[in-house]
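K.L.:
Show me how the following folds:
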Amino acid sequence: MMAAPANLKGKSVKGSDNHGDHSHGAGLLAKVKHALMPHAHDHSEKIQSADESSKEGIRTAWIGLAGMMFTAVAQIFIVALSGSIALLADTIHNAGHAATTIPLILAFRLGRRQPNKRFSYGYRRAEDLVGLFIGLIIAASVVVIFYEAIDALINPRDITNLVWVFIAGVVGFIGNEIVAVYRIRTGRRINSAALIAEGQHARTDGLSSIGVVIGVVGVWLGFEQADAIMGFLIGLLVLGILIASMRPVVLRMLDGVEDGVIERLTTAAASIPGVKAVDQVRARWAGHRMECDVSVQIAPDLSVLEAHTVAEEVQHALLHATPNMDGAVVHLHPAAAEEELQKLHELSGHHANQKAREAYLARKSGRD
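P.N.:
Modelled structure (predicted):
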């Protein structure tokens, strides 16, 4: 018996504020790691519908884009005046970041479209694809940054208007950090790995602006190559955060989930009266929404109506176990010994593995 998938569209109910087993540790180093390393919490502040979370993601992306474009335009003007390589690297990164925001907005909008016969699960995977695209754009910016920095080391360039470059670096850090905090908080709230990556990208822009400031100070102190060296270090920093940002994106593309999710879903299903055992639990992300399917054992003497009630309660528990759960499919079968369970599933089970197929064919041959 199957319980049809349910969704929470149009609903918003309170969820747990507990963040599961996720721990950041204590001390300054742990706080810095928490700020720089992109990740998503297992629980959000509240359970949102897919439509609500998508709208929030779109609004955050637009506001962040406005802030990034303002910063990039200001820096382009100062680059033309100063000739700073480190500032050029920072500007290229800012412009590349702005270029990745539009596809993310489109992905959020596409994910709100209803499923159809061709895309029966909907279009939310577009968000994951954009996450990979963001990675490619950042990787391209890294190549340009390294090229410009190495060229500046080999062919030193005169830097003028150091005061303006210094000011631009400070302003760039403040503006980018505001955008980063805003995007990361929203990304964690709606559990969007792509939006979190965009926020971390903005944070990298802010840190690279600090690199510009340090480079300017070095030039003031008489170290002419400080600006070019900081441009190279900025490239290394961007490369490191690129790798870290892509980990959750790739995890979701491969249908992976964070630690503790399966255990939490298993506990939720097992807690329902009438469930004798939980045999299988699977879950995966589609964009910033999650779906799962479970297989549970129930008493064999239950009526169809009673069994359906159990399935409905299991489904409801699963939808509340993880705030971003958008749908759950529940498979019911009567509680029995392992050998009996194999016989109950022999028609479909023999497709799953060779041993089950051989046992099925042997029994079928005996009946014939």
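K.L.:
From now on I want contacts and neighbour counts done on CA atoms only, so please keep to that.
P.N.:
Fine.
K.L.:
Can you get me a residue count around the nearest residue to T100 once chain neighbours are set aside?
P.N.:
The shortest distance from T100 to any non-neighbouring residue, by C-alpha to C-alpha, 6 or more residues apart in numbering, is to I134 (5.6 Å). I134: 26 surrounding residues under other C-alpha atoms under 10 Å.
K.L.:
Where do the helices of the stretch 151-300 of the chain begin and end?
P.N.:
Taking DSSP state H, counting those that start in this stretch, the helices of the stretch 151-300 of the chain run over residues 162-190, 193-220, 226-253, 261-270.
K.L.:
weakest of the ones you listed by average pLDDT?
P.N.:
Lowest mean pLDDT of the helices of the stretch 151-300 of the chain: helix 193-220, a mean of 78.
K.L.:
buried residues in that one?
P.N.:
193-218 (16 or more other C-alpha atoms under 10 Å).
K.L.:
Now do the SS call for the residue nearest to Y121 when sequence neighbours are not counted.
P.N.:
Computed as C-alpha to C-alpha, 6+ apart, the closest residue to Y121 that is not its neighbour in sequence is P115, at 5.7 Å. Assigned by DSSP: H, G, I helix; E, B strand; the rest coil, the conformation of P115 is coil.
K.L.:
sorry, back to before: so what's the gap between the one helix or strand the residue nearest to T100 maps to and the chain middle?
P.N.:
Per DSSP states H and E: I134 is located in helix 125-154. Relative to the centre of its chain, helix 125-154 is centred 19 Å away, using C-alpha atoms, centre = their mean, to the nearest Å.
K.L.:
Does anything pack onto that helix? Which helices or strands?
P.N.:
helix 85-111, helix 193-220, helix 226-253, strand 275-286 (3 or more C-alpha pairs under 8 Å, 6 or more residues apart in numbering; DSSP states H and E).
K.L.:
mind putting those in a markdown table, distance to E56 included?
P.N.:
Formatted as a markdown table, those follow (distance: least, C-alpha to C-alpha, whole Å):
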| stretch | distance to E56 |
| --- | --- |
| helix 85-111 | 10 |
| helix 193-220 | 11 |
| helix 226-253 | 20 |
| strand 275-286 | 17 |
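K.L.:
and among these, the most buried is which?
P.N.:
helix 193-220 (a mean of 26; mean count of other C-alpha atoms under 10 Å).
K.L.:
okay, the angle between it and helix 226-253?
P.N.:
Per axes from the mean of the first three to the mean of the last three C-alpha atoms, to 10 degrees, the angle that helix 193-220 makes with helix 226-253 is 170 degrees.
K.L.:
For helix 193-220, name the packing helices and strands.
P.N.:
helix 50-82, helix 85-111, helix 125-154, helix 162-190, helix 226-253.
K.L.:
For the shortest one, give the mean pLDDT please.
P.N.:
Put plainly, it is helix 85-111. 73.
K.L.:
Could you double-check that the residue nearest to T100 sits in contact with E127?
P.N.:
No. Judged on C-alpha atoms under 8 Å, I134 makes no contact with E127 at a distance of 10.4 Å.
K.L.:
Would you mind telling me which of the helices and strands packed on helix 193-220 is nearest V329?
P.N.:
helix 50-82 (17.5 Å; C-alpha to C-alpha).
K.L.:
Run the chain-centre distance for that closest one.
P.N.:
Distance, centroid of helix 50-82 to centroid of chain: 19 Å (C-alpha atoms, centre = their mean).
K.L.:
elements contacting that helix?
P.N.:
helix 85-111, helix 162-190, helix 193-220.
K.L.:
And the second one, what's buried?
P.N.:
When burial is assessed from 16+ other C-alpha under 10 Å, helix 162-190 yields the following buried residues: 162, 164-166, 168-190.
K.L.:
Between helix 50-82 and that helix, find me the angle.
P.N.:
170 degrees.
K.L.:
quick one, what contacts Y123?
P.N.:
110-115 (C-alpha atoms under 8 Å, 6 or more residues apart in numbering).
K.L.:
please redo it, this time with the cut-off set to 7 Å
P.N.:
Y123 makes contact with 110-111, 113 under the criterion C-alpha atoms under 7 Å, 6 or more residues apart in numbering.
K.L.:
can you list the residues you listed in CSV and add distance to V142?
P.N.:
What follows is the contacts of Y123, written out as CSV (distance: C-alpha to C-alpha, whole Å):
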residue, distance to V142
L110, 29
G111, 30
R113, 34
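K.L.:
Tell me the one of those nearest V294?
P.N.:
The closest of the contacts of Y123, once distances to V294 are taken by C-alpha to C-alpha, is G111, at 24.5 Å.
K.L.:
Could you measure from that closest one over to R125?
P.N.:
8 Å (C-alpha to C-alpha, to the nearest Å).
K.L.:
for A197, same thing?
P.N.:
16 Å.
K.L.:
again with A194
P.N.:
11 Å.
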